[in-house]
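Asks: show me how the following folds:
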Amino acid sequence: MKDHRRPEEEPTWASLSPRERALAVSGMTGLGLGVVTVVAVVVLLGVLLVASASRNLIQSDGAGPLFWGAFLCLPCGLLAGIFIWPLRLLLRLPSVPGKAKRGAEMGLSAATTFLAALFVESSTPGLYVRQPWLPALLATLLVALANVVVHHFEERKKRRESRG
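Replies: Next up, the predicted model:
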């Protein structure tokens, strides 16, 4: 079957054949599942890293609670974000200067991560944590470190693109 569109025209969903639509849907589904898998593996590695670094403080009934903890990171993060949201609204006021706003955003991001980690620790079945603030602090520091590394690579990429 020949495509009668001009090369400069962007195809629309309606102009695609059923076969092309099926290929597009399967490709986007595969891409979405791949992204979800990568995010899940990174979160699971983070949970395992925090659990192994805090092994004197964290006891579990096996490996299952660690997978539950990784699974609960998203809903607990959303719940923590709801609690922090009113403070984020205050930062949108025009009277807050730029540097203070950036610092406060970083602090609120850390507070959200800390609160989410506390929620995960307290709501994961089969996970027993003594002094839960220490593993939550470790998780917060790991997320902050990951943000610094990502920011470094983004800046490096921008510098490379501006030179080339």
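Asks: from the centroid of this protein, which residue is nearest?
Replies: Centroid-nearest residue in the chain: Val39, 7.0 Å away (criterion: C-alpha atoms, centre = their mean).
Asks: from Ala53, how far out is that residue?
Replies: 21 Å (C-beta to C-beta, to the nearest Å). For glycine as for every other residue, the C-beta is placed from the backbone atoms N, C-alpha and C.
Asks: after the helix or strand of the chain with the lowest mean pLDDT comes which helix or strand?
Replies: Every helix and strand in the chain was compared by mean pLDDT, DSSP states H and E; the lowest is strand 58-60, with a mean of 90. Per DSSP states H and E, the first helix or strand lying C-terminal to strand 58-60 is helix 64-91.
Asks: quick check: mean pLDDT of that following helix?
Replies: The average pLDDT within helix 64-91 is 94.
Asks: would you mark the buried spots in the lengthiest helix in the chain?
Replies: For the chain, the longest helix by residue count, based on DSSP state H, is helix 18-53. Buried residues in helix 18-53, counted by 16 or more other C-beta atoms under 10 Å: Val43, Leu44, Gly46, Val47, Val50, Ala51.
Asks: now for these, which pair is the farthest apart?
Replies: Farthest pair in the buried residues of helix 18-53 (C-beta to C-beta) is Val43 and Ala51. Separation: 12.4 Å.
Asks: sorry, back to before: how close does the residue nearest to the centre of the chain get to Cys73?
Replies: Counting by C-beta to C-beta - Val39 and Cys73 are separated by 10 Å.
Asks: follow-up on the earlier one: same for the least confident helix or strand of the chain, what does it pack against?
Replies: helix 18-53, strand 127-129 (3 or more C-beta pairs under 8 Å, 6 or more residues apart in numbering; DSSP states H and E).
Asks: and with 10 Å instead?
Replies: helix 18-53, helix 64-91, strand 127-129 (3 or more C-beta pairs under 10 Å, 6 or more residues apart in numbering; DSSP states H and E).
Asks: okay if I get the ones you listed as CSV plus distance to Asn147?
Replies: What follows is those, written out as CSV (distance: least, C-beta to C-beta, whole Å):
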stretch, distance to Asn147
helix 18-53, 13
helix 64-91, 14
strand 127-129, 24
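Asks: helix/strand/coil for Gln131?
Replies: Recorded secondary structure, Gln131: coil (DSSP: H, G, I helix; E, B strand; the rest coil).
Asks: can you report how many residues lie near it?
Replies: Neighbourhood size, Gln131 [other C-beta atoms under 10 Å]: 12.
Asks: who are the neighbours in contact with it?
Replies: Residues in contact with Gln131 (C-beta atoms under 10 Å, 6 or more residues apart in numbering) are Ser54, Asn56, Leu57, Ile58, Leu137.
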